[in-house]
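What follows is a predicted protein model with its sequence.
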Amino acid sequence: MSHRNITVLVGGLLIGVPIGLVLCLMFLGEATQQELCDGGGADVSAAGQPALVQFYIGASDRYALGQDGYAYLAAINYVETSFGTNLSTSSAGAIGWMQFEPDTFKTWGVAVSHPGGTPDPYDPQDAIYSAANYLRASGAPQSWSTAVFAYNHSGAYVAQVQALAARYSGPNGLQNLRQDIAAAWGGRQPTGLPAPSPTLVSYSAGSASGECCPGAMTPAAIDDTAASSFLQGLRAPQRAGFALVSSGGEILAQENATMAVPGGSITKAMLLVAFLQRLGERPVPPGAQARLAAMIEVSDNDAGSWAFAQVGVAGVEAVAHRAGMTGFRLDVSDPVYTLGQSGVTALDQARLFARIDRLVPARNRAYAMGLLSHISTADQWGILSSGIAGITASKAGWKPEPGSGWVVNQAAQVSSAGQTVGLAVTSVNDPSQTAGEQVLRTVAADLLSGQASGSPTAGAVSTGGQEGCGELSVDVTPVPGPRAVIMPNGLARPPAQAPQAVQAMVAAGDRISHFDYQYGGGHADPALSDSQSRPQPQGGLTPGDNGTPGYDCSGATAYVLFGGGLGSYFGGPGGAIPASGDFGSFGVPGEGRWVTWYYNGGHVFIAVAGIVFDTGHQFPAAPSTPSTGPRWTIAADVAAQQSADGPFAPQHPAGL
């Protein structure tokens, strides 16, 4: 069957597009769009491509955006800045190569050109990878229309990007992309761009190295077939959706995840976070404690309305923004509970609960999680009665909707085997509250009853005591041989012969080697300080040498170990980082083959693959200024430290 072409104006570019393709892009459901519209596509390789094209492909690969992910990134880049030829700030304040709003870039920005540095929206590589990070968290590649709409809330924008993405995918896609880049740049490919990012090295459960932990809830470990089939078998008009999201924002499973439903009392978790964010590091007043406990533990509606009166619209919307919610719609029309009619989605609530502890200031984090983990006996249904282990927080909401049955929703944070995920299930048109509760219970059990209990996943390898996978995807370019190398800029490169856990530790050290020393740094908020994608040290007990947030010796050593998958040494992402003298309470005594930390009551440092990461700097590696923070240095540092401040006792991870 032949197709007539029409000419579509896309961001100033005239494109001949088959009418059938345009209609397909506009009307087909996202789940089948790639199959039916473009007939699939060939895998693409970055080899031999211009640097800008390599950025699109590399970013798509890193964030698992599928075979057409690079095409969507390129399309957005063209629409936003004409491939970087117009970097003026937009009328809405958006900046850089991919036109991020500054606050959004603070949340999703990643440093690629200079690992460990500050992400730069005007660096094309940083901006493109950051866009990929944000799109993945917004629903791509499962739902490109949802993800692109989150990027720019305009249906016309979505159609514009999809038409361009269709042009840049398929057999002639890369050729079309190169041509359009050259046209935007006056007949040539752009020059002066940063070097494409290094090779992506990662490992996970079932890898040959076996460093990852059993029971980790990785994408491969989640089978959502039964849960999806159950939802598809519901009798109309009853409908339900679910989402499972990692603490890093990765969507592990979803079905009808962006279906908007009235939230009911599930939105009270947002109010709790908003109220505590408003307090900052101040204690919760006694009167407020009573109201917040009633709001969360017994779901009191008057208490919820009181909390909203304290934080207002701005407070709730700030929580939605920080949690990465794209489908939340605030509605204050409910006469029983002010936010009862607010629209929520399973995906947004899963995102919230995946990191709800991190969204609360450190002072009141334990208080918040205590409320969210002590739900009244009357509300111990749904996810809480599904038999899954490791639930650390939850909140539910239900309400009758006149003429259409019941709405029953629930979300939870589940932590097990060093992994934390957010799970949310929403349902509408339920014939009764009990029927809705059954939907929640069945979906949760189908998704996680075998995973969260700690049973090994398919292909998982025993680790000999190593638990807690952390965030183990790292950018490194290994050097030949068995020893790491310190580069002229002070960063290190791991040896190709080292296990991947060791390579991950070297990369982790690179990420924080630009920070200053701060006594107590890295201890105040381990969930943020030990983040492998965006470390954010939350200061320390007293000002450091440079008076800025940074890491002390134990905080820096813990960060390197955490990067290698040893987060369970410290109780996982939310655990406490020990003082230097307590580093003998885990690991195996003596020096290891690849990794050894040396500790006493006043100092601790770590040797990895023949080089040392230390705040003591007996032999500082260039650059040595500022020299107060954690830096890579040569192996002779071990003997020098033993002589200057020893004796130090050696300890190492089992198997390394």
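Now that the structure is in, tell me what you want to look at.

Give me the mean pLDDT for whichever strand or helix holds A411.
Using DSSP states H and E, A411 sits in strand 405-416. Strand 405-416 shows a mean pLDDT of 90.

Am I right that V344 is in contact with F328?
Yes. The criterion here is CB atoms under 8 Å, and V344 meets it with F328 at 6.1 Å. From N, CA and C alone the C-beta is placed, and that goes for glycine too.

These two: who's more crowded?
Higher neighbour count among V344 and F328: V344, with 29 against 23, using other CB atoms under 10 Å.

Pairing partners for that one in the sheet, please.
Beta-bridge partners for V344, by DSSP bridges, are V261.

Tell me the confidence at it?
With respect to pLDDT, V344 has a value of 96.

who's in contact with it?
By CB atoms under 8 Å, 6 or more residues apart in numbering, V344 lies in contact with A260, V261, P262, G263, I266, T267, G327, F328, N409, T426.

Most neighbours out of these, which is it?
T426 (35 neighbours).

And the strands in the stretch 451-600 of the chain?
473-475, 485-486, 492-493, 516-517, 550-551, 588-589, 595-599 (DSSP state E, counting those that start in this stretch).

Likewise for the stretch 101-250 of the chain?
200-202, 239-246.

Most tightly packed of those?
strand 239-246 (a mean of 26; mean count of other CB atoms under 10 Å).

Distance from the next helix or strand after it to the middle of the chain?
The C-terminal neighbour of strand 239-246 among helices and strands, as given by DSSP H and E, is strand 251-255. Strand 251-255 sits 14 Å away from the centroid of its parent chain (CA atoms, centre = their mean, to the nearest Å).

got it, and stretch 645-656?
On the basis of CA atoms, centre = their mean, stretch 645-656 sits 32 Å off its chain's mean C-alpha point.

What are the buried residues along it?
F648, P650, Q651, H652, P653, G655, L656 (16 or more other CB atoms under 10 Å).

Is it possible to get TSV of those residues that adds secondary structure?
Listed next are the buried residues of stretch 645-656 as TSV, based on DSSP: H, G, I helix; E, B strand; the rest coil:
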residue	secondary structure
F648	coil
P650	strand
Q651	strand
H652	strand
P653	coil
G655	coil
L656	coil
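
what's the lowest-pLDDT member of those?
For these, the pLDDT minimum is G655, 73.

any idea how far A354 is from that one?
Distance check for G655 against A354: by CB to CB, to the nearest Å, it reads 30 Å.

Repeat that for R282.
Taking CB to CB as the measure, R282 falls 26 Å from A354.

now do E297
Taking CB to CB as the measure, E297 and A354 are separated by 22 Å.

Of these two, which one has the most company?
Per other CB under 10 Å, whichever of E297 and A354 has more neighbours is A354, with 28 against 18.

Could you break the chain into its assigned domains?
Under the assignment automatic domain parsing, the domains of the chain span 5-197, 219-448, 473-652.

Give the phi and psi angles for A75, as a check.
Here is the backbone geometry of A75 (degrees, to the nearest 10): phi -60, psi -40.

was I right about G481 contacting R493?
No. Counting by CB under 8 Å, R493 is not a contact partner of G481; they are 10.8 Å apart.

Those two: which has the busier surroundings?
Set G481 next to R493 and count neighbours by other CB under 10 Å: R493 wins out with 20 against 13.

Would you mind measuring from that one to P361?
Distance from R493 to P361, by CB to CB: 37 Å.

try G186
In this view, G186 and P361 are 50 Å apart by CB to CB.

between those two, which one's more packed in?
Between G186 and P361, P361 has the larger neighbour count (other CB under 10 Å), namely 17 against 8.

hang on, the more buried one packs against L276?
Yes. The pair P361 / L276 is scored as a contact, 6.2 Å apart, by CB under 8 Å.

thinking again about what came up before, greatest separation within the buried residues of stretch 645-656: which pair is it?
F648 and G655 (21.9 Å; CB to CB).

ok so, going back, columns distance to G139 on top of the contacts of V344, output as CSV?
Output for the contacts of V344, formatted as CSV (distance: CB to CB, whole Å):
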residue, distance to G139
A260, 14
V261, 17
P262, 21
G263, 19
I266, 20
T267, 21
G327, 9
F328, 14
N409, 19
T426, 15
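
closest to P537 among those?
When those are compared against P537 (criterion: CB to CB), the nearest one is F328, at 30.2 Å.

can you count the residues close to the residue nearest to the closest one when sequence neighbours are not counted?
Once flanking residues are discounted, F328 sits nearest to A320: 4.5 Å by CB to CB, 6 or more residues apart in numbering. By other CB under 10 Å, the residues close to A320 number 23.

and if you look at the one 3 residues further on?
If you count neighbours by other CB under 10 Å, A323 ends up with 25.

Leaving out chain neighbours, which residue sits closest to it?
Nearest non-adjacent residue to A323 (CB to CB, 6+ apart): L352, at 4.4 Å.

That neighbour reaches L423, doesn't it?
No. Contact between L352 and L423 fails when scored by CB under 8 Å: they sit 11.1 Å apart.

any low-confidence regions in the stretch 101-250 of the chain?
The stretch 101-250 of the chain contains residues with pLDDT under 70 at 115-117, 197-221, 248.

Can you show me the helices along it?
Remark: helices assigned in the stretch 101-250 of the chain by DSSP state H, counting those that start in this stretch are 102-108, 124-137, 144-151, 155-168, 173-184, 225-232.

distance between the first one and the chain's centre?
Okay, so that is helix 102-108. With CA atoms, centre = their mean as the basis, helix 102-108 stands 13 Å off its chain's centre.

Going forward, the N-terminal residue is numbered 23.
Sure thing, new numbering starts at 23, so read that last one as helix 124-130.

Just the buried residues of it, please?
T126, F127, T129, W130.

could I get those as JSON lines with distance to Q147?
JSON lines is the format used below for the buried residues of helix 124-130 (distance: CB to CB, whole Å):
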{"residue": "T126", "distance to Q147": "18"}
{"residue": "F127", "distance to Q147": "14"}
{"residue": "T129", "distance to Q147": "19"}
{"residue": "W130", "distance to Q147": "15"}
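
ok, of the residues you listed, which one's closest to G587?
Nearest to G587, judged by CB to CB, of the buried residues of helix 124-130 is W130 at 24.0 Å.

Surely that closest one touches R158?
No. The criterion here is CB under 8 Å, and W130 misses it with R158 at 9.4 Å.

follow-up on the earlier one: could you single out the most deeply buried of the strands of the stretch 473-622 of the chain?
The most buried one of the strands of the stretch 473-622 of the chain (mean count of other CB under 10 Å) is strand 572-573, showing a mean of 30.

Burial check on A467, number of neighbours?
Neighbours around A467, by other CB under 10 Å: 18.

what residues are up against the spatially closest residue to it that is not a sequence neighbour?
Once flanking residues are discounted, A467 sits nearest to S408: 4.3 Å by CB to CB, 6+ apart. For S408, the contact set (CB under 8 Å, 6+ apart) comprises L462, R463, T464, A466, A467, L470, S471.

Now A315. Nearest residue, chain neighbours left out?
Per CB to CB, 6+ apart, closest to A315 is L393, 6.1 Å.

element containing the one you found, please.
Going by DSSP H and E, L393 is in helix 387-394.

Any buried residues in that helix, and which?
For helix 387-394, burial by neighbour count (16+ other CB under 10 Å) applies to R387, Y389, A390, M391, L393, L394.

tell me the average confidence for it?
Taken as a whole, helix 387-394 has a mean pLDDT of 88.

residues of the next helix or strand after it that come out buried?
Downstream of helix 387-394, the next assigned helix or strand under DSSP H and E is strand 413-423. By 16+ other CB under 10 Å, the buried positions in strand 413-423 come out as I413, T414, A415, S416, K417, A418, G419, W420, K421.
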